[in-house]
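Asks: compute the structure for the input listed below.
(chains A and B)
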Amino acid sequence: DARVTQTPRDKVTEMGQEVTMRCQPILGHNTVFWYRQTMMQGLELLAYFRNRAPLDDSGMPKDRFSAEMPDATLATLKIQPSEPRDSAVYFCASGRDSHTDTQYFGPGTRLTVL
Amino acid sequence: SQKIEQNSEALNIQEGKTATLTCNYTNYSPAYLQWYRQDPGRGPVFLLLIRENEKEKRKERLKVTFDTTLKQSLFHITASQPADSATYLCALPLSGGSYIPTFGRGTSLIVHP
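Replies: So this is what the prediction gives:
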């Protein structure tokens, strides 16, 4: 049963620290999405990759967030420096490159910035 | 850009009844619409996809309709069970030329035994 994995599952850090979240997409999937979910905003798209190339990161605060795919089995989302308003659950999802982009979500990383 | 509206109030129903959830959208009609289920502490799970040329789609106890005139999709769960309690999100493409889905805020369903 193939699944998207994310690490860490929970992260508590202090304001100003760097945070790195990792995602392993399902083998054979070539699209990767990063989302942030909060009670106030719901699910917000942060970044979108196809075949490891970033296609859309318009939802991501560029000054502190960065997303990369060093290889097909790893996607990373970094926040530097982190701020309390970054506290949220961050989801990674992967999919096959199709016109409907059905997504398979990971379990999420719950980030708390104090 | 597209706006998606789902009822923010929780839907409470009795076990065995049919639950009906609504997803309304503004602007253009999307090429497809998806429904996902999300349980607390977990990521959303894909349930059903319906395309613009389809009026209705079924999967076991689930049924989705798509009315492009009303700009609305209805999601039905028949013979509901307490295990169906979760948040249900609809998703559709961000803009006319995009295939990236944007998610609604979701509606919480609570099925009482």
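
Asks: okay, CA-based contacts and neighbour counts for the rest of this
Replies: Noted.

Asks: interface residues of chain A facing chain B?
Replies: Residues of chain A lying close to chain B by Cα under 8 Å from any Cα of the partner chain are A:41-45, A:91, A:99-108.

Asks: can I get the buried part of those as one ChimeraX selection?
Replies: If you want just the buried ones from those in ChimeraX, going by 16 or more other Cα atoms under 10 Å in any protein chain shown, the selection is:
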select /A:43,44,45,91,100,101,102,103,104,105,106,107,108
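
Asks: which one of the residues of chain A next to chain B is nearest to residue B:61?
Replies: residue A:102 (20.5 Å; Cα to Cα).

Asks: lowest-confidence one in the residues of chain A next to chain B?
Replies: Across those, the smallest pLDDT goes to residue A:99, namely 64.

Asks: which of the three states applies to residue A:70?
Replies: Classification of residue A:70 by DSSP: H, G, I helix; E, B strand; the rest coil places it in strand.

Asks: restrict the helix or strand of chain A with the lowest mean pLDDT to CA atoms and write it as CSV.
Replies: Each helix and strand of chain A was given a mean pLDDT (mean pLDDT, DSSP states H and E); the minimum falls on strand A:53-56 at a mean of 86. Coordinates of each C-alpha in strand A:53-56 appear next as CSV, following Å, rounded to 0.1, in the frame of the first residue of the first chain:
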residue,chain,number,x,y,z
ALA,A,53,10.6,21.3,-11.6
PRO,A,54,8.8,24.0,-9.6
LEU,A,55,5.8,25.1,-11.6
ASP,A,56,3.9,27.2,-9.1
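
Asks: ok, it: who's next to it in the sheet?
Replies: Strand pairing for strand A:53-56, determined by DSSP bridges: strand A:42-50 (antiparallel).

Asks: what's the partner strand in contact with?
Replies: Strand A:42-50 is contacted from outside by A:30-37, A:54-60, A:67, A:97, B:102-105, using Cα atoms under 8 Å, 6 or more residues apart in numbering or on different chains.

Asks: go again with 6 Å.
Replies: Contact with strand A:42-50 is made by A:30-37, A:54-57, A:59-60, B:105, as judged by Cα atoms under 6 Å, 6 or more residues apart in numbering or on different chains.

Asks: from the residues of chain A next to chain B, pick the one nearest residue B:35.
Replies: Nearest to residue B:35 among the residues of chain A next to chain B is residue A:102, at 10.0 Å by Cα to Cα.

Asks: show me what the one helix or strand residue B:20 maps to packs onto, helices and strands only.
Replies: Using DSSP states H and E, residue B:20 sits in strand B:19-25. If contacts are counted by 3 or more Cα pairs under 6 Å, 6 or more residues apart in numbering or on different chains; DSSP states H and E, strand B:19-25 sits against strand B:4-6, strand B:72-77.
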